[in-house]
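Enquirer: my questions are about this predicted structure, shown below with the sequence.
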Amino acid sequence: MALIWSAQSGDWDESSTWVGGTVPDLSVDDVIIAGGHGVTMDWTNRTLTSGREITVEQYATLEVFSELAVESGASLYIDGGLYVSAYLDMQGFMAIGSDGWLDDYGSVAVLYGGTVDAYGAINVGAYCNFDLVYGSNLYVYGSFYQDYSSYSYVYQGSNFTVESDGYAYINGYVYVEDYSQFHVYGDMDIEYSGEVDVRYYGEFHVESGGSLTNNNYVYVTDSGVLYVHGDMANQSSLYIAGSGQVYVENGGTLTVDGYVQVEYYSTLTMSYGGKLIVGVYGSVDAYYEGSIYFDYQSRSDIFGYFGLSHDAYLYIGSDALVRVYRDIHVSGRMEGDGGKIVMMRREGRINDYSGDPLFVFDQAYGHGQTLIA
């Protein structure tokens, strides 16, 4: 076993690249690529075996044009740059330093309990993949940038965490499923070509102090769950279906300036200090057995559209307060248990789903409820 340093930039298999002229054997040697050097792994597949390490120093680079497998117990330390142009099979540990970066131009799979700590930057190129599989972990303390038409699958009990100082920019597709979890303690933006799908018992958490802005699509379907304990701004579409569940609770806030749709045995629930704010141009719709719960100590201000139809269900629970600044459109079922709906405009109405009035509340003249139809 030896510790082998790079002597200059060059190809991995060239003896002149290495101090002493010895090409590293990744089954027995540790490797340091020194600052200022760029080393290229050509088209030969390689395995970094358990107990071995590769370190890429600051201002150094390692470019992988083949498959690099990192076994459990092996480590990559990236303080410079790592370019993956083919495939990285990461079952061990990788630390990306604060000045380091990983540019994924092929496919990166963190597998079987592998862990990546990213204090620097991860960049996933267009049409490329970065996946977490089988109980693996990614902790983003720096940044995670996903370009358009790129894919990240988080499944089989894996965990993706954007830490409190971290930032994630999603312009591709993210799938969270099969009992995996995605946690946002920092900031995350879903951009105009981005999409996040939470499904098949996957969980997505916007934690207290965390912020998520959705400019395109979030789907919570097929028994997926979204928890909003921080701030979520829905500028575009949040779609909840197929027994999907969204919980806005513990002081979390969901602001809707786009569209929220709840259907097919799914539920949107505000409780325990959770807040729903629907902007003037925003809308919340429930239908086809979808349910909306304004539950214990929740607070909601609805400036935009709010409607239920086709056997949808609305519940106003204990100490819940819903302030409505326009009208409510209802052609479903309603039930209350101590909560309040307050009509804030001069003449508030509860309409059927077609827009025809059922009840009119005239606050300006102190009239009580007037039954219209």
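Expert: Done, it's in.
Enquirer: so the closest residue in space to Arg333 that isn't next to it in sequence versus Asp337, what's the distance?
Expert: Ranked by Cβ to Cβ, 6 or more residues apart in numbering and with sequence neighbours excluded, the top spatial neighbour of Arg333 is Tyr313, at 4.8 Å. C-beta: built from backbone N, CA, C; applies to glycine. When Cβ to Cβ, to the nearest Å is applied, the distance between Tyr313 and Asp337 equals 13 Å.
Enquirer: more crowded one of these two?
Expert: Neighbours per residue (other Cβ atoms under 10 Å) separate Tyr313 from Asp337, with Tyr313 holding more: 17 against 12.
Enquirer: quick check on the more buried one: phi, psi?
Expert: Comment: the main-chain dihedrals of Tyr313 come out as phi -130, psi 130, following degrees, to the nearest 10.
Enquirer: any idea how far apart the tips of stretch 283-296 sit?
Expert: Terminal residues of stretch 283-296 lie 23 Å apart, using Cα to Cα, to the nearest Å.
Enquirer: i'd like the first residue to be 5 from this point on
Expert: In the new count, where the first residue is 5, that last one comes out as stretch 287-300.
Enquirer: what distance separates that stretch from the centre of its chain?
Expert: When distances are taken as Cα atoms, centre = their mean, to the nearest Å, stretch 287-300 is centred 23 Å away from the chain's centroid.
Enquirer: now stretch 98-113
Expert: The chain centre lies 19 Å from the centre of stretch 98-113; the measure is Cα atoms, centre = their mean.
Enquirer: how about Tyr292, what does it touch?
Expert: Glu267, Tyr268, His314, Asp315, Ala316 (Cβ atoms under 8 Å, 6 or more residues apart in numbering).
Enquirer: now do the same contact list for the closest residue to it other than its chain neighbours.
Expert: Distances taken as Cβ to Cβ, 6+ apart place Glu267 nearest to Tyr292, at 4.4 Å, with adjacent residues excluded. Glu267 makes contacts with Ile244, Ala245, Ala290, Tyr291, Tyr292, Glu293, Gly294, Ala316, as judged by Cβ under 8 Å, 6+ apart.
Enquirer: and which of those residues is nearest to Ser168?
Expert: The shortest separation between Ser168 and any of the contacts of Glu267 is 27.3 Å, and it belongs to Ile244 (by Cβ to Cβ).
Enquirer: tell me how many other residues crowd the closest one.
Expert: Counted by other Cβ under 10 Å, the residues lying close to Ile244 total 27.
Enquirer: re the thing from before, just the ones in strands from the contacts of Glu267, please.
Expert: With strands identified by DSSP state E, the entries of those that belong to them are Ile244, Ala245, Ala290, Tyr291.
Enquirer: neighbour-wise, give me the winner out of the contacts of Tyr292.
Expert: The member of the contacts of Tyr292 surrounded by the most neighbours (other Cβ under 10 Å) is Ala316, with 23 neighbours in all.
Enquirer: which helix or which strand is home to the residue nearest to Asp15 when sequence neighbours are not counted?
Expert: Excluding the flanking residues, the one nearest Asp15 by Cβ to Cβ, 6+ apart is Thr44, at 5.4 Å. Secondary-structure element containing Thr44, defined by DSSP states H and E: strand 42-45.
Enquirer: for that strand, packing partners?
Expert: Where contact means 3 or more Cβ pairs under 8 Å, 6 or more residues apart in numbering; DSSP states H and E, strand 42-45 is packed against strand 14-15, strand 65-68.
Enquirer: among those strands, which is the most enclosed?
Expert: strand 65-68 (a mean of 21; mean count of other Cβ atoms under 10 Å).
Enquirer: what's the mean pLDDT across the following helix or strand past that one?
Expert: If you walk from strand 65-68 toward the C-terminus, the next helix or strand you reach (DSSP H and E) is strand 71-74. The predicted model assigns strand 71-74 a mean pLDDT of 98.
Enquirer: can you classify Ser197 as helix, strand or coil?
Expert: coil (DSSP: H, G, I helix; E, B strand; the rest coil).
Enquirer: for it, give me its contacts.
Expert: Contact analysis of Ser197 by Cβ under 8 Å, 6+ apart lists Tyr152, Ser153, Asn175, Gly176, Asn220.
Enquirer: can you check Tyr116 too?
Expert: Shown here is Tyr116, whose contacts under the criterion Cβ under 8 Å, 6+ apart are Ser76, Gln95, Val137, Tyr138, Gly139, Ser140.
Enquirer: repeat that with 7 Å
Expert: With contacts defined as Cβ atoms under 7 Å, 6 or more residues apart in numbering, the neighbours of Tyr116 are Ser76, Gln95, Tyr138, Gly139, Ser140.
Enquirer: could you dump the residues you listed to TSV with secondary structure?
Expert: Shown next, in TSV, are the contacts of Tyr116 (three-state DSSP):
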residue	secondary structure
Ser76	coil
Gln95	coil
Tyr138	coil
Gly139	coil
Ser140	coil
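Enquirer: which helix or strand contains Val114?
Expert: With elements taken from DSSP H and E, the one containing Val114 is strand 111-115.
Enquirer: pLDDT of that strand, averaged?
Expert: The pLDDT scores in strand 111-115 average 98.
Enquirer: CA atoms only for whatever helix or strand comes next after that strand - export them in PDB, please.
Expert: Following strand 111-115 in sequence order, the next helix or strand is strand 119-122 (DSSP H and E). Output for strand 119-122, consisting of C-alpha atoms alone and laid out as PDB, is shown next (Å, rounded to 0.1, in the frame of the first residue of the first chain):
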ATOM      1  CA  THR A 119     -23.300   9.200   1.700                       C
ATOM      2  CA  VAL A 120     -22.400  12.600   0.000                       C
ATOM      3  CA  ASP A 121     -21.700  15.700   2.100                       C
ATOM      4  CA  ALA A 122     -21.800  18.700  -0.300                       C
END
